[in-house]
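**Q** Return atomic coordinates for the entry below.
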Amino acid sequence: MARAGINKVLVQQARDTVLARGENPSLDAIRIELGNTGSKTTIHRYLKEIEEAEGARLDDGHLLSKTLQEMVARLAHQLREEARELVSDAEKRHQDREIHWRRENESLQAALKTSNEKAEVLEQRLADTRVSFDEKTSELQSECLRSERLQQQVEDLKVRLADKGAHLKSLEDNHQHARDALEHYRQASKEQRDQDIRHHEQQVQQLQAEQRQLNQTIIVKQGELTQLNKDNARLATELAAARKQAGGQEDSLRLSEQRFTSMQEQLNQVNAQLTLKTHECDVLKKQLNRTQLELKENMQKQTALDISLAEARISLGHFKAIAEAKADAHS
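**A** Predicted coordinates:
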């Protein structure tokens, strides 16, 4: 059933309007011209009646001459051909647009896939960098503990050297006392003096032997101190190497940040393109949003890694100060 207000006259007017625009008076075109009102069955019936009436008038020999009938027939044929060409062109443009949209959609999907792969690679690089940084931090802690142990050994050697010095001084005092005693006994008898001198010489020889032994012990301890100084120099060299490697890690992090910035710009361009597409691109927009969230998480991880690197630099500075203090103490 047709809606109220739709009749043959309105259909005739809509058909004439569509023809005046040079368009094909199809059922859908006329219904759109009518404001999308009326059933297609009713409109088709009115169109058929109108076309039959026009055909009857054109075929009426009493109304048209033969020449005019031929002109009308040729014109009708030409109009039908032009209408078919218009429809064919419209269908071709529609197919071309559909192919264009499909190719552009495939291009966007490929770009999004590439962005996801790059984001995964960057995330893996961040994980590898964090593992390497943790290993270097552990090595620095081990070196700090080793340095503390060496420092304690140096302190112990200093205490032992002080004890040996005190013992040597005590021996020297005893030697002086022996000399005094010898001088006192020299006033006694010649035999007693000779006996005391021999006894004194024995003591002196023993003291000299002990002194030589102490000198040898001091030489050995000095060698140990020299070795400790060499160990401290080696630790300073290892510390410089660790600092250099940490600088390399910092350069790697800076490069990762630049790649993240480039990736963010590419994703922004993809977002700008996706906003111009039709409903068929909504799925791609959702995937792109997930990618942006993953990139945001990666940037947060990057920030946390930068904080860890700053803490490592502070630890390196502290370790350097300890090493310099130890070198000054040895010098």
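**Q** Could I get the full set of helices for the stretch 1-150 of the chain?
**A** Taking DSSP state H, counting those that start in this stretch as the criterion, the stretch 1-150 of the chain contains helices spanning 8-20, 27-33, 40-59, 66-185.
**Q** Out of these, point me to the one whose mean pLDDT is lowest.
**A** Among the helices of the stretch 1-150 of the chain, helix 40-59 carries the lowest mean pLDDT, at a mean of 78.
**Q** As TSV, the helices of the stretch 1-150 of the chain with mean neighbour count and distance to Gln192 would be great.
**A** Every residue, glycine included, has its C-beta placed from N, CA and C. Converted to TSV, the helices of the stretch 1-150 of the chain look like this (neighbours: other C-beta atoms under 10 Å; distance: least, C-beta to C-beta, whole Å):
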stretch	mean neighbour count	distance to Gln192
helix 8-20	16	156
helix 27-33	17	149
helix 40-59	14	154
helix 66-185	13	6
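**Q** CSV for those helices, including distance to Glu265?
**A** Converted to CSV, the helices of the stretch 1-150 of the chain look like this (distance: least, C-beta to C-beta, whole Å):
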stretch, distance to Glu265
helix 8-20, 49
helix 27-33, 44
helix 40-59, 51
helix 66-185, 11
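**Q** out of the ones you listed, which comes closest to Thr217?
**A** Proximity to Thr217, assessed across these by C-beta to C-beta, is greatest for helix 66-185 (6.3 Å).
**Q** tell me what the following helix or strand past that closest one is packed against?
**A** Of the helices and strands lying after helix 66-185 in sequence (DSSP states H and E), the nearest is helix 190-274. In terms of contacts (3 or more C-beta pairs under 8 Å, 6 or more residues apart in numbering; DSSP states H and E), helix 190-274 is packed against helix 66-185, helix 282-330.
**Q** For my notes, please list these in TSV and give distance to Gln245 for each entry.
**A** Output for the helices and strands packed on helix 190-274, formatted as TSV (distance: least, C-beta to C-beta, whole Å):
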stretch	distance to Gln245
helix 66-185	6
helix 282-330	11
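**Q** picking up where we left off before, nearest approach to Arg198 belongs to which of the helices of the stretch 1-150 of the chain?
**A** Among those, the nearest to Arg198 by C-beta to C-beta is helix 66-185 (10.8 Å).
**Q** Spit out the contact partners of Leu228.
**A** Applying C-beta atoms under 8 Å, 6 or more residues apart in numbering to Leu228 gives the contacts 150, 153-154, 157, 330.
**Q** now for the residues you listed, which pair is the farthest apart?
**A** Distance extremes for the contacts of Leu228: the farthest pair is Gln153 and His330 at 12.2 Å, using C-beta to C-beta.
**Q** Go through the helices of the stretch 1-150 of the chain and name the closest to Arg290.
**A** Among the helices of the stretch 1-150 of the chain, helix 66-185 comes nearest to Arg290, with 8.8 Å by C-beta to C-beta.
**Q** Give me the pLDDT for Val270.
**A** pLDDT for Val270: 61.
**Q** what do you get for Ser189?
**A** We note a pLDDT of 64 for Ser189 in this prediction.
**Q** Also Ile218?
**A** So Ile218 comes in at 66 (pLDDT).
**Q** what's the spacing between Phe319 and Asp306?
**A** To Asp306, Phe319 is 20 Å away according to C-beta to C-beta, to the nearest Å.
**Q** right, I mislabeled it, should have said Phe133
**A** Distance, Phe133 to Asp306, by C-beta to C-beta: 11 Å.
**Q** Leu10 now?
**A** In this view, Leu10 and Asp306 are 73 Å apart by C-beta to C-beta.
**Q** cool, Gln176 as well?
**A** Distance of Gln176 to Asp306, computed by C-beta to C-beta: 70 Å.
**Q** now Arg243
**A** For Arg243, the distance to Asp306 (C-beta to C-beta) stands at 17 Å.
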